[in-house]
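>>> Next come a sequence and a model predicted from it.
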Amino acid sequence: MADLSSGTRLSRQIYQGQERQVWAAGVICLLVSAACLAMPAAVGQLVQALATGRDRALWVAVLAALAVVMGGGNAAYAAVVAGLAERHILRLRNAMIHRTLRLPVRHVRRIGSGDLGSRLTADTMQLRGSLDIGLGQLPQALLMVVGTFAAMLYLDPVLLGVTLTGFAAAALVITWLYRGLQRSALEHQQHLAQAAQGYAHALSALPTVKSLRAEGHVDAALNEMTERARRSGVDYAWRQALLSPVTALGQQLSLTGVIVVGALRITDGSLDLAALSAFLLYLLQVVTPVSVVAMGLGRLKAGLAIRGRFDEILRAPTEEDEAVPSPAATDPARSDPRPAPAVAFHTVSFAYEDTPVISEISFEAAVAGITALVGPSGAGKSTLLKLVERFELPGSGQVSVRGVPVEQWALPELRRQIAYVDQEATLLNDTVRNNLLLGCDRRVTDAELVRHLARVGLADVIGELPAGLDTVLGQGVELSGGQRQRLALARALLAETPIVLLDEPTSQLDSLSEDQFRRILEDLAASRCIVVVAHRLSTVKRASKIVVVDAGTVVGEGTHDELLERSDLYRDLVNGQLLSGLETETTRAA
Ligand SMILES: Nc1ncnc2c1ncn2[C@@H]1O[C@H](COP(=O)(O)OP(=O)(O)OP(=O)(O)O)[C@@H](O)[C@H]1O
């Protein structure tokens, strides 16, 4: 029943908006099936015409017409069905792309980009094959089977009973094969996806793999994955391959039974030889469509299993679905007479799955000025930025942006308030211009783009690229880590958001760029809220507020001088244990 309802749902999705093509396919299918069914009768008529010498030309013409209908109809049917299937695949791919981009980052990371890529390519190809048989050959074969059995019923119901008994024995084995078929099809696609995921991961870590001379190790691990895919592929293939011989076995049983019972019935006079011959002709004719039905249902079952892998994505809750605004939520900043801070954490706790990472953290970042988050590695600083962006939702407590709890913002509106430069300073595989304009809602001239590039010290670098602002990044043109960070910073500047979140933006900058970066930050901080996860003392010292985070809690808050006096951890950090750039600073101070 479950199969039937998901099959019906699938058909509805495929046919939606393509009703004309569906009708055309239906009419062609009926015409072709009628022509096939009429063929044996027409051949009989021609034989009779040749014997009697009457209407020979007529029956030759009828046979020729039937052949044209069958040939042309089959070609037209295949074309219409291919159009239906391709459109369905297109919709499915686009729906998956649409959905994936709106899922929580953690969900997408958990599945993995290689696996998702495999769903979009290998799974859809497999599904396309299932649709070809399921939509293309199955309906026609079903019509043929029903039509032929109807003709056999008309000729001799007893012999039809014998025929169906033979096929029923085969059906028992086929049902058992189906059960494993769906499972092995799903396993095969999963193994393929795991291999794709492992491969993508290995390629992204290629320089590390090479430098560690770990090619052999990675090779072996990936080979193990491809071997698993081979095993499940073979399992799937033999089950598919058995469908045809089992059907043929059913036919042999039926044939033997029909010949024995037919001969007995001729002997007792309840059947004549002509009817038995016609019956046997139909029995031979029905084998191919029965095989196609058996195979087609098998492929359809496999297709439904694979389709389930798409549904897993299409039904997963998006970020919007996850953040159900709580009417009980109260924003401390709203009830406060002071203007709301740009960012406020109020007793926020958060865990990744079951691992607590943030525990009852409270702090505020003012509308203007730099708030620096410092602390040992793994303290939870980057996680705090993720909570502001609503990549993650707090387990308890409240994160507010401009006085409104993050889950009460419409997500696009919330993110319009924030420019975010992540640790990797991610750039898309697109032109420099488009990379700069991501997240920027206003019209920007090239002159303005160049001005911003100059501000982050990149105007010359970009000017020297083969196509300047139109150069596509990532296609043979790579920027250095520091250049990427500066480009990401220019993007954040262009977005002109009231809040800027920076995650270790100076990690790959040289001291000259770092000075430039610090000046830009100070300019920005005059009118915007900058929350920066910083490991450089040069940035931290100029912050209007420093929040010291340790093991998911705030252990100190204040200015550089205040914290030097009050916070042991901050002193440790400043003494060079955890803030890089310390030596430079201490040397300078000396
Ligand atoms: N996506 C994730 N899933 C599970 N655990 C995570 C995830 N991201 C981070 N963590 C864990 O949460 C803790 C805090 O990580 P976070 O990146 O916020 O620390 P951080 O202070 O920014 O560290 P660093 O300075 O080294 O970047 C770490 O123990 C980390 O292992």
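On my side now, so go ahead.
>>> Next, L427: secondary structure please.
Classification of L427 by DSSP: H, G, I helix; E, B strand; the rest coil places it in coil.
>>> And G457, by the same measure?
coil.
>>> pLDDT weak spots in the stretch 201-350 of the chain?
Flagging of the stretch 201-350 of the chain using pLDDT under 70 yields the residue ranges 322-339.
>>> Residue of it nearest the ligand, please.
F350 (9.2 Å; CB to the nearest ligand atom). To be clear about C-beta, it is placed using only N, CA and C from the backbone, and glycine gets the same treatment.
>>> what does the chain put close to the ligand?
106, 352, 355, 357, 375, 377-383, 533 (CB under 6 Å from any ligand atom).
>>> now that we have those residues, which one has the most neighbours?
Neighbour counts for the residues of the chain next to the ligand (other CB atoms under 10 Å) peak at G375, which has 25 neighbours.
>>> Any chance you could list what contacts stretch 446-454?
Under the contact criterion CB atoms under 8 Å, 6 or more residues apart in numbering, stretch 446-454 has outside partners R433, L436, L437, A459, I462, G463, L469, L487, A490, L493, L494.
>>> nearest to L264, of those?
L437 (84.8 Å; CB to CB).
>>> State the number of residues packed around that closest one.
L437 has 19 nearby residues by other CB under 10 Å.
>>> ok, now which ones touch it?
Here L437 is in contact with V444, L449, R491, L494 (CB under 8 Å, 6+ apart).
>>> now do I418
V388, E389, V401, T497, I499, V500, L501.
>>> List the buried residues in stretch 340-348.
Buried residues in stretch 340-348, counting neighbours by 16 or more other CB atoms under 10 Å, are found at A340, P341, A342, V343, A344, F345, H346, V348.
>>> Quick check: the fifth one is in a helix.
No: according to three-state DSSP, A344 belongs to no helix; its state is strand.
>>> Tell me how far it lies from G403.
Per CB to CB, to the nearest Å, A344 is found 8 Å from G403.
>>> same thing with the second one?
Noted for P341: a distance of 8 Å to G403, by CB to CB.
>>> Go through the contacts of stretch 446-454 and say which is closest to the ligand.
Using CB to the nearest ligand atom, those come closest to the ligand at L487, 21.0 Å.
>>> Just the buried positions in the helix or strand hosting that closest one, please.
Secondary-structure assignment from DSSP states H and E places L487 in helix 481-495. Buried residues in helix 481-495, counted by 16+ other CB under 10 Å: 482-495.
>>> Against which helices or strands is the helix or strand that it is followed by packed?
Downstream of helix 481-495, the first helix or strand assigned by DSSP H and E is strand 499-503. Under the contact criterion of 3 or more CB pairs under 8 Å, 6 or more residues apart in numbering; DSSP states H and E, strand 499-503 touches helix 381-389, strand 418-421, helix 481-495, strand 529-533.
>>> Mind listing residues that contact strand 499-503?
With CB under 8 Å, 6+ apart as the criterion, strand 499-503 contacts 342-343, 365, 381-382, 385, 388-389, 401-402, 417-423, 489, 492, 521, 524, 528-534.
>>> And this protein, what are its domain boundaries?
Domain ranges of the chain: 10-316, 332-589, per automatic domain parsing.
>>> List the contacts of Y178.
L297, G298, K301.
>>> Compare these and tell me which is most surrounded.
Neighbour max across the contacts of Y178 (other CB under 10 Å) = G298, 24 neighbours.
>>> With respect to L37, which of the contacts of I418 is nearest?
Nearest member of those to L37, counting by CB to CB, is E389, at 64.4 Å.
>>> where does the closest residue to the closest one other than its chain neighbours land on pLDDT?
Distance criterion CB to CB, 6 or more residues apart in numbering; nearest residue to E389, sequence neighbours excluded, is Y420 at 5.7 Å. Y420 is assigned 89 on the pLDDT scale.
>>> So what sits opposite Y420 in the bridge?
L501 (DSSP bridges).
>>> OK, contacts around it?
By CB under 8 Å, 6+ apart, the residues touching Y420 are L385, E389, A492, V500, L501, D503.
>>> give me the element the closest residue to L276 other than its chain neighbours is part of.
Spatial nearest neighbour of L276, chain neighbours left out: G262 (4.5 Å); criterion: CB to CB, 6+ apart. In this structure, G262 sits in helix 215-267 according to DSSP H and E.
>>> any idea how far the residue of the stretch 101-250 of the chain found nearest the ligand is from S204?
Nearest to the ligand, among the residues of the stretch 101-250 of the chain, is R106, at 5.7 Å (CB to the nearest ligand atom). When CB to CB is applied, the distance between R106 and S204 equals 18 Å.
>>> ok so, going back, pLDDT added to the contacts of stretch 446-454, as TSV?
Formatted as TSV, those follow (pLDDT from 0 to 100):
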residue	pLDDT
R433	90
L436	88
L437	88
A459	87
I462	88
G463	86
L469	88
L487	88
A490	88
L493	85
L494	87
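>>> Who does the residue of the stretch 401-550 of the chain at minimum distance from the ligand form a beta bridge with?
Proximity of the stretch 401-550 of the chain to the ligand (CB to the nearest ligand atom) peaks at V533, 6.0 Å away. Beta bridges link V533 to L373, D503 when assigned by DSSP bridges.
>>> Hmm, it is touching A379, no?
No: the criterion here is CB atoms under 8 Å, and V533 misses it with A379 at 9.7 Å.
>>> Can you tell me the closest non-neighbouring residue to I111?
Among residues not flanking I111 along the chain, I313 sits closest, at 7.7 Å (CB to CB, 6+ apart).
>>> Wasn't that neighbour part of a helix?
Yes: I313 sits within a helix when classified using three-state DSSP.
>>> That one: neighbour count?
When counting by other CB under 10 Å, one arrives at 19 neighbours for I313.
>>> Find the helix or strand that V22 is a member of.
Counting by DSSP H and E, V22 is found in helix 19-52.
>>> My error: substitute A57 in the last question.
helix 56-102.
>>> Please read off the pLDDT at the residue positioned nearest the centre of the chain from the model.
Nearest to the geometric centre of the chain sits L116, at 4.1 Å (CA atoms, centre = their mean). If you check L116, the pLDDT there is 88.
>>> quick one: contacts for it?
M96, T100, V108, I313.
>>> what do you get if the cut-off is 10 Å, keeping everything else the same?
M96, I97, T100, L103, V108, D123, A193, A196, Q197, A200, I313 (CB atoms under 10 Å, 6 or more residues apart in numbering).
>>> Show me which of these are buried.
Counted by 16+ other CB under 10 Å, those give M96, T100, L103, V108, D123, A193, A196, Q197, A200, I313 as buried.
>>> For the residues you listed, could you give me CSV that also reports distance to Y282?
Shown next, in CSV, are these (distance: CB to CB, whole Å):
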residue, distance to Y282
M96, 45
T100, 51
L103, 54
V108, 55
D123, 40
A193, 45
A196, 48
Q197, 51
A200, 54
I313, 47
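>>> Which of the residues you listed sits closest to Q408?
L103 (20.8 Å).
>>> That closest one contacts I97, doesn't it?
No: L103 is beyond contact range of I97, at 11.2 Å (criterion: CB atoms under 10 Å).
>>> Give the residues shared as contacts by these two.
By CB under 10 Å, 6+ apart, the residues touching both L103 and I97 are L116, I313.
>>> Show me which of the buried ones among the contacts of L116 is closest to P412.
L103 (15.5 Å).
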